[in-house]
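Peer 1: No letters, just coordinates:
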Ligand SMILES: [Zn+2]
C-alpha cells in the first residue's frame, strides 16, 4: 500500500465500546456494530433501538412480529471509551514502526488498539 499522509477522519472502529454523548440515548454505552464512514454514521448495540412490525412476506422465511433493531446514529454523537481507564475520551494517533498507526487514549495515554 502506498504511504499517504492522510488522516482518517474517524477514529471509531467496529467492536469499540463507545459512549453516546448526545440525543435520546445520551449516557448509554455500547459496542459499535457497524461503521458507515461515508454516511458518517455508526450503529451501536442497544442504542437508538427502533421497532418495526414485520408482516409475513409471501414465500419468504423471515421473522414476523415486532422486530427490534438498532438504527444508525451520527458518528459525532459518540465518544470512544478507553479500555484501559474506562473513560470516554478523545483519541490520538501515534506511529509505531511495525504496527503503523495506533490509536491512543488522550486521557491516560494507553493504546486503544
Ligand atoms: Zn484511557
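Peer 2: That came through fine. Just so it is clear, the model here is predicted, and its values are computed rather than measured. Numbering: from 1, shown residues only.
Peer 1: Which parts of this structure are helices?
Peer 2: Counting by DSSP state H, the chain has no helices at all.
Peer 1: Residue numbers of it in contact with the ion?
Peer 2: 82, 84-85, 105, 107-108 (CB under 5 Å from the ion). In this view, the C-beta of every residue, glycine as well, is placed from N, C-alpha and C.
Peer 1: Just the ones of these in strands?
Peer 2: residue 105 (DSSP state E).
Peer 1: Determine which two of the residues of the chain next to the ion are furthest apart.
Peer 2: Farthest-apart pair in these is 84 and 107; separation 8.9 Å (CB to CB).
Peer 1: OK, contacts around residue 47?
Peer 2: Contact analysis of residue 47 by CB atoms under 8 Å, 6 or more residues apart in numbering lists 20, 25, 28, 30, 70, 73.
Peer 1: What separation do you get for it and the ion?
Peer 2: Separation of residue 47 from the ion (CB to the ion, to the nearest Å) stands at 21 Å.
Peer 1: Please tell me how far the closest residue to that residue other than its chain neighbours sits from the ion.
Peer 2: The shortest distance from residue 47 to any non-neighbouring residue, by CB to CB, 6 or more residues apart in numbering, is to residue 25 (4.6 Å). Here the criterion is CB to the ion. By it, residue 25 lies 22 Å from the ion.
Peer 1: Equivalent analysis for residue 98, please.
Peer 2: 22 Å.
Peer 1: And for that residue, the neighbour number?
Peer 2: Residue 98 has 4 neighbours, counted by other CB atoms under 10 Å.
Peer 1: Identify the bridge partners of the closest residue to residue 11 other than its chain neighbours.
Peer 2: Among residues not flanking residue 11 along the chain, residue 91 sits closest, at 4.1 Å (CB to CB, 6+ apart). When bridges are called by DSSP bridges, residue 91 pairs up with residue 105.
Peer 1: and stretch 60-77, which residues are buried?
Peer 2: Neighbour counts over stretch 60-77 (16 or more other CB atoms under 10 Å) mark 70, 72-73, 75, 77 as buried.
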